[in-house]
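Asker: I'll drop the sequence and a predicted model, then ask my questions.
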Amino acid sequence: LQGCSLLPGARDKADSDDNTSTLASDAGVAGEGAEAFTLEVQGPDAVRDLLTRHMELQRFRRLPGLQASELSRLLGAADANARELLGTMGYFSPTLTIALKETPGGPAPRAITVDVDPGPQTRIASADIAFTGPEADSP
C-alpha cells in the first residue's frame, strides 16, 4: 500500500526496499520523532488502558506534517472507534468527550483529551441456545 510507508515505524522496516525507503525518508525528514499531537485518556483504569493502547488515533500521533483537516477527520472517527472498543468490554452506553487543544509551547503542537464515563457494564447472566431444522435432531 502506498500510504503505509508514511506511518510511524515504516522507516525502520523500509531498509530492505529502496523505493519504500525513499518514500519513508522523504516523508520523515522534517520532525523525525516529533509528535503531531499528544493523546490523553481520562477515565477508569481498565478503560483508560484499553483506549490509550488501541485507539486509531495512536497510529497517527507521530506522523510528521499531519494537516489540521486530516486531524479533524480523525477526531470525527475517534468517537465511533472508542465506542467500538468500549463495546468489547460490555460498555454499550458510554459518555465520551473528545477535545482538541492547541499547545504551541508544549511537547507537541496539539493535545487531544478523551474523557470517558463508560456507564454501566453489561453482563450476561445466562443464555439459551436452540436449534431448528436438521441440526435439532443431530447428536
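Answerer: Received it, and whenever you're ready, just let me know what you need.
Asker: which is the next helix or strand following the helix or strand of the chain with the lowest mean pLDDT?
Answerer: Comparing every helix and strand of the chain by mean pLDDT, DSSP states H and E singles out helix 18-28 as the least confident one, with a mean of 35. Secondary structure here is assigned by DSSP states H and E; on that basis, the next helix or strand after helix 18-28 toward the C-terminus is strand 38-42.
Asker: list the contacts of the host helix or strand of residue 135.
Answerer: Taking DSSP H and E as the criterion, residue 135 maps to helix 134-137. Contacting residues not belonging to helix 134-137 are listed as residue 130 [CB atoms under 8 Å, 6 or more residues apart in numbering]. C-beta here means a position set from N, CA and C on the backbone, and glycine is covered the same way.
Asker: who are the packing partners of the lengthiest helix in the chain?
Answerer: The helix spanning the most residues in the chain, taking DSSP state H as the definition, is helix 68-87. Using 3 or more CB pairs under 8 Å, 6 or more residues apart in numbering; DSSP states H and E as the contact definition, the elements that helix 68-87 packs against are helix 45-54, strand 95-102, strand 110-117.
Asker: mind giving me the packing neighbours of the first one?
Answerer: With contacts taken as 3+ CB pairs under 8 Å, 6+ apart, helix 45-54 sits against strand 38-42, helix 68-87, strand 110-117.
Asker: now what about it, what contacts it?
Answerer: For helix 45-54, using CB under 8 Å, 6+ apart, the contacting residues are 39, 41-43, 58, 82, 85-86, 88-89, 91, 114, 116, 118.
Asker: if you rank those by neighbours, which is first?
Answerer: residue 82 (25 neighbours; other CB atoms under 10 Å).
Asker: now do that one, the pLDDT please.
Answerer: Model confidence at residue 82, expressed as pLDDT, equals 97.
Asker: residues contacting it?
Answerer: Contacts were defined as CB under 8 Å, 6+ apart; by that measure residue 82 touches 51, 55, 94, 96, 98, 114, 116.
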